[in-house]
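**Student:** Below is the sequence, then the predicted model.
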Amino acid sequence: MGKIKVTENCNGIEGLKVIEPAVFGDARGYFMETYNYNDFAEAGIDCQFVQDNQSASKKGVLRGLHFQINYPQDKLVRVVNGEVFDVAVDLREGSKTFGKWYGVLLSAENKKQFFVPKNFAHGFIVLSEEAEFCYKVTDFYHPNDEGGILWNDAEVGVEWPMPEGMTAADLILSDKDKVQKSFAEYKAAHGIK
């Protein structure tokens, strides 16, 4: 391996991994491999990614917490411009960390990537003036397969950092994200106590 450094079981949550690539720089700039199947497979991320996505958002945009219902996806996420706080919430029934969350700062500067396995809710908040967010997924997008949990659900308790000069009231959310289910409603809908 050697080309990537992997931090596993983030916050005790099995499956979550933060990846730091080897960056080779000189006066001209830098080079790094953002993905190499062999290195990632050796690190326990043996996935077939089928789609790459990219989004751009401005400061204070919060996207999430989203998941796919019938076609769950593994995700490998990174930031190519700006800075975000990226969050995953364990929704795997029977998991000893069910409902637990972990967040990591991803930026163009630190070049970290975050591997989020299937059956996690995922979201991020933009901390810089703008951010470009890239992610690989292991299943195709199915528009009628989206689920979500309210970003500020008290039971989950994600500790979102606020962008400089902003409060929670200033955040920019989609209409859908403003009215997602609570974690209690999610559990009730899935027969989980």
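**Tutor:** The structure has been received and is ready for your questions.

**Student:** So for the helix or strand where A131 lies, what gets flagged as buried?
**Tutor:** Here A131 sits within strand 130-137, counting by DSSP states H and E. The neighbour-count criterion (16 or more other C-beta atoms under 10 Å) identifies A131, E132, F133, C134, Y135, K136, V137 as the buried residues of strand 130-137. (Each C-beta comes from the backbone N, C-alpha and C, glycine too.)

**Student:** Out of those residues, which comes closest to I13?
**Tutor:** Y135 (18.6 Å; C-beta to C-beta).

**Student:** re the thing from before, which of the buried residues of strand 130-137 are the two that sit furthest away from each other?
**Tutor:** A131 and V137 (18.6 Å).

**Student:** Hmm, G12 is touching S95, no?
**Tutor:** No - G12 is not in contact with S95 according to C-beta atoms under 8 Å; the separation is 10.9 Å.

**Student:** These two - which one has more neighbours?
**Tutor:** Neighbour totals were compared for G12 and S95, and S95 leads with 15 against 11 (other C-beta atoms under 10 Å).

**Student:** re earlier: output the buried residues of strand 130-137 in a markdown table; the columns should cover distance to A88 and pLDDT.
**Tutor:** As requested, those are arranged in a markdown table below (distance: C-beta to C-beta, whole Å; pLDDT from 0 to 100):
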| residue | distance to A88 | pLDDT |
| --- | --- | --- |
| A131 | 17 | 98 |
| E132 | 20 | 98 |
| F133 | 14 | 96 |
| C134 | 16 | 97 |
| Y135 | 12 | 96 |
| K136 | 15 | 97 |
| V137 | 14 | 97 |
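
**Student:** Tell me the one among the residues you listed nearest to Q54.
**Tutor:** C134 (4.8 Å).

**Student:** how close does the residue nearest to that closest one when sequence neighbours are not counted sit to V179?
**Tutor:** Spatial nearest neighbour of C134, chain neighbours left out: Q54 (4.8 Å); criterion: C-beta to C-beta, 6 or more residues apart in numbering. As judged by C-beta to C-beta, to the nearest Å, Q54 and V179 stand 26 Å apart.
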